[in-house]
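Undergrad: Quick one, fold the following:
(2 chains)
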Protein chains: 2
Amino acid sequence: MDALYDVAAIGNAIVDVIAPADETFLTREALAKGSMTLIDQPRAETLYAAMAPGVEMSGGSAGNTIAGLASFGGRAAFVGKVAADALGDIYAHDMRAMGAHFGTTPLNGGAATGRCLINVTPDGERTMNTFLGAAGELTADDVDVVLIEASKTVYLEGYLFDPMEARRAFAKAAALAHGAGRKIALTLSDAFVVERHREALLGFIETQVDVLFANEVEICSLMQTDDFGQAAIAVQDKVRIAALTRGAKGSVVIYPGGVQAVPADAVDKVVDTTGAGDQYAAGFLLGLAQDRPLDVCARLGAVAAAEVIGHYGPRPNVSLRDLAASRGL
Amino acid sequence: MDALYDVAAIGNAIVDVIAPADETFLTREALAKGSMTLIDQPRAETLYAAMAPGVEMSGGSAGNTIAGLASFGGRAAFVGKVAADALGDIYAHDMRAMGAHFGTTPLNGGAATGRCLINVTPDGERTMNTFLGAAGELTADDVDVVLIEASKTVYLEGYLFDPMEARRAFAKAAALAHGAGRKIALTLSDAFVVERHREALLGFIETQVDVLFANEVEICSLMQTDDFGQAAIAVQDKVRIAALTRGAKGSVVIYPGGVQAVPADAVDKVVDTTGAGDQYAAGFLLGLAQDRPLDVCARLGAVAAAEVIGHYGPRPNVSLRDLAASRGL
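TA: Modelled structure (predicted):
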């Protein structure tokens, strides 16, 4: 069957709440600058009450990737759990308004739609505290058989390795995808996720994952080494393709029998690095869907990552398709 | 009794939903560029479904003025109706996080928190469609006697002249304020509001209003003339102080026995004029609370208006107190 979608992503459906903060605020609230921490509802309420007036927008790692993919003109679908509330309506609207398919049934009568409280210090660093809410209630029942079988690649957000029910959803998606001759991609999302679930993650990667996305810290944590080169060599035995991002140093693609380094795209001014990894994955996955060579996939990722770090917010402000075309891609 | 607040504002508690749009979209949805239209819930849902992905932030005309007043370091309070829902929580949070008092009981089990769907075309113009929701359910019971009597000026948003219940809330606030020796200020908000309620507005202004805010179009509509000069002369018989804004031409203050023109502050680049009138009112009301001369009140208004039109969004991005100090005010 021809694929209906280039990518179906399974991730945390999260609305970002972004507010300015000073260093004193981080100290007073005992927040480690630049970190992502999971918090419960009472903590979310007290932290929010202490924050400055904010701006709200749809976020979530895999959701940001789907936004990038749609901006490239790719055919995208998203699976993630919002609640039947105002923020859930906003999340669903934004997903569909960018042209992505979003059909996950909202949670009714349970937790509220998840949110990520983001405090931005004057140096541009973002300190994130995430209340998963409904997003943490994703189950295998939310994995739509027809959707998975109709998507060239199914992209999984590593953050969802925390809740056991979501991990079962990953297993179901992987079985369905491979049964239909599709590919499974996974992003490690966060070094702390890797720390918490290294064995389970490695097992899942070795048996189910075709394409692995990770940054330097994450891949070093997974392979338990401080040396990126050693981690890159070690991961070759674990997965067919690994796309490893290194910030300004570009990315390295590992594939059967080879390694390819691709430079980062030039950025006039780094304004906000949030979403760089998400957008790199968007470009890379688009390239894979179009059967482009792996170095072109990595260059598409670099174009998307450079766009998003040049402005505030983790989703592209301009058409990534036009941007890639202007780069001759 | 000493006043606890410099200004208590009564207005529509509205969350803005801001999304980019092209001219074709305005045509297809039959939207008059730059206008503000009241819409019902079904229309709000279909229009929102057609809009691009957006960003959400607290708005509302008088709410924006309170944000400006707080940024000036003024003591501010807000009266307005949100629903007991996620957007209502966000609105209340933003109000309190800026240091303003906000104690209006949220609406429970009725309409959702109001929202303003704002489509921004590439020329920077904003086309607004407002679903009032809970904001339209404000009643006289929401007017807190102690709060009104403890505020130097009570500032009323003309948009609330539409619902009869809110108009009764205005009458109650005016009676309480004057009984306590306080002042009533009113902004006309919108020429269409004036068209709809000219007689009632004129009656209210003549008997209850101490300070009137209006732009050129609104004051001309109120006085039924095409000539701003004639409107400015005519309004002298109606109200003690009128602060009339004229965009780049600055403002004109009418007071017993005199007229004072004050130039606009220079702006490097006009990015988004939304909120200019709201911020002018913030500066002017702060000056009044500090018993500054009327031309200084107008200059404080000009500083605040210039700040907000230099960036997107109707609330100040920097401290208006610092900005005014840097202007020697």
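Undergrad: and the stretch 51-200 of chain A, which of its residues are near chain B?
TA: A:51-58, A:67, A:85-87, A:90, A:93-98, A:112-113 (CB under 8 Å from any CB of the partner chain). The way it works is simple: take the backbone N, C-alpha and C, and place the C-beta from them, glycine included.
Undergrad: at 7 Å instead, please
TA: Counting by CB under 7 Å from any CB of the partner chain, the stretch 51-200 of chain A comes close to chain B at A:51-58, A:85-87, A:90, A:93-94, A:97-98, A:112.
Undergrad: what number of residues lie near A:Asp142?
TA: 20 (other CB atoms under 10 Å in any protein chain shown).
Undergrad: and the gap between the nearest residue to it once chain neighbours are set aside and chain B?
TA: Distance criterion CB to CB, 6 or more residues apart in numbering or on different chains; nearest residue to A:Asp142, sequence neighbours excluded, is A:Thr104 at 5.2 Å. Between A:Thr104 and chain B the distance, using CB to the nearest CB, to the nearest Å, works out to 17 Å.
Undergrad: List the residues that contact A:Ala21.
TA: Applying CB atoms under 7 Å, 6 or more residues apart in numbering or on different chains to A:Ala21 gives the contacts A:51-52, A:119-121.
Undergrad: now the strands: where do they sit in the stretch 151-300 of chain A?
TA: Secondary structure of the stretch 151-300 of chain A (DSSP state E, counting those that start in this stretch): strands at A:151-157, A:183-187, A:211-215, A:241-245, A:251-255, A:258-262.
Undergrad: Just checking: what are the partner strands of the longest one?
TA: Looking at strand A:151-157 with DSSP bridges, its paired strands and their directions are strand A:5-10 (parallel), strand A:183-187 (parallel).
Undergrad: Which entries within the contacts of A:Ala21 meet the buried criterion?
TA: A:51-52, A:119-121 (16 or more other CB atoms under 10 Å in any protein chain shown).
Undergrad: Could you list the low-confidence segments of chain A?
TA: Low-confidence regions of chain A, defined by pLDDT under 70, span residues A:1.
Undergrad: would you list every one of the helices in it?
TA: A:23-28, A:41-50, A:61-71, A:86-97, A:145-149, A:164-179, A:191-208, A:216-223, A:228-235, A:276-289, A:294-309, A:320-326 (DSSP state H).
Undergrad: who's in contact with the third one?
TA: Contacts made with helix A:61-71 from outside it, assessed by CB under 7 Å, 6+ apart, are listed as A:6-7, A:9-11, A:13, A:76, A:78, A:80, A:95, A:98-100, A:155, A:157, A:159, A:187, A:189, A:275, A:278-279, A:281-283, A:285-286, A:304, A:314-316, A:319-321.
Undergrad: Tell me the buried residues within the residues you listed.
TA: A:6-7, A:9-11, A:13, A:76, A:78, A:80, A:95, A:98-100, A:155, A:157, A:159, A:187, A:189, A:275, A:278-279, A:281-283, A:285-286, A:304, A:314-316, A:320.
Undergrad: Including distance to B:Ile219, could the buried ones among the contacts of A:Ala21 go into TSV?
TA: TSV is the format used below for the buried ones among the contacts of A:Ala21 (distance: CB to CB, whole Å):
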residue	distance to B:Ile219
A:Met51	40
A:Ala52	36
A:Asn119	43
A:Val120	41
A:Thr121	44
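Undergrad: Distance check, A:Thr207 against chain B.
TA: 36 Å.
Undergrad: Contact partners for that residue?
TA: By CB under 7 Å, 6+ apart, A:Thr207 has no neighbours at all.
Undergrad: what sits against A:Val259?
TA: Neighbouring residues of A:Val259 by CB under 7 Å, 6+ apart: A:232, A:252.
Undergrad: partners of it in the sheet?
TA: Here A:Val259, judged by DSSP bridges, has bridge partners A:Ile254.
Undergrad: Quick check: phi and psi at the residue in the stretch 201-329 of chain A positioned nearest to chain B.
TA: In the stretch 201-329 of chain A, the residue that lies nearest chain B is A:Arg315 (7.6 Å; CB to the nearest CB). Here is the backbone geometry of A:Arg315 (degrees, to the nearest 10): phi -120, psi 150.
Undergrad: Next one: the nearest residue in space to it that is not next to it in sequence relative to B:His197, how far apart?
TA: Counting by CB to CB, 6+ apart, A:Ala67 is the residue found nearest to A:Arg315 once chain neighbours are left out, at 4.2 Å. A:Ala67 is 44 Å from B:His197, where distance means CB to CB, to the nearest Å.
Undergrad: Those two: which is more packed in?
TA: Between A:Ala67 and B:His197, counting by other CB under 10 Å, A:Ala67 is the more crowded of the two (31 against 17).
Undergrad: and the gap between that one and A:Leu320?
TA: 9 Å.
Undergrad: re earlier: go through the strands paired with strand A:151-157 and name the closest to B:Gly179.
TA: strand A:5-10 (61.3 Å; CB to CB).
Undergrad: Now do the closest one and helix A:61-71, the angle between them.
TA: Note on geometry: by axes from the mean of the first three to the mean of the last three CA atoms, to 10 degrees, strand A:5-10 and helix A:61-71 are set 160 degrees apart in direction.
Undergrad: what about dumping the CA coordinates of strand A:5-10 to CSV?
TA: Coordinates of the C-alpha atoms in strand A:5-10 are reproduced here as CSV (Å, rounded to 0.1, in the frame of the first residue of the first chain):
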residue,chain,number,x,y,z
TYR,A,5,1.8,9.9,5.6
ASP,A,6,5.6,10.5,5.4
VAL,A,7,5.7,10.5,9.2
ALA,A,8,3.4,9.6,12.1
ALA,A,9,4.8,10.8,15.4
ILE,A,10,3.8,9.6,18.9
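Undergrad: Other residues contacting that strand?
TA: So strand A:5-10 is contacted by A:62, A:65-66, A:69, A:74-80, A:101, A:147-148, A:150-157, A:160, A:169-170, A:173, A:285-286, A:289 (CB under 7 Å, 6+ apart).
Undergrad: what's the angle between that strand and helix A:164-179?
TA: Going by the same axes, to 10 degrees, strand A:5-10 makes 160 degrees with helix A:164-179.
Undergrad: Strand A:5-10: how far from the chain's middle?
TA: 12 Å (CA atoms, centre = their mean, to the nearest Å).
Undergrad: Please work out which of the strands of the stretch 151-300 of chain A is packed deepest.
TA: Ranked by mean neighbour count, the strands of the stretch 151-300 of chain A are led by strand A:151-157 with a mean of 27 (mean count of other CB atoms under 10 Å in any protein chain shown).
Undergrad: tell me the angle that strand makes with helix A:276-289.
TA: 160 degrees.
Undergrad: quick one: strand A:151-157 to strand A:211-215, angle?
TA: 30 degrees.
Undergrad: gap between the nearest residue to A:Ala150 once chain neighbours are set aside and A:Ile148?
TA: Nearest non-adjacent residue to A:Ala150, counting by CB to CB, 6+ apart: A:Leu4, 4.0 Å away. Using CB to CB, we find A:Leu4 at a distance of 11 Å from A:Ile148.
Undergrad: neighbour count winner among the two?
TA: Neighbours per residue (other CB under 10 Å) separate A:Leu4 from A:Ile148, with A:Ile148 holding more: 24 against 15.
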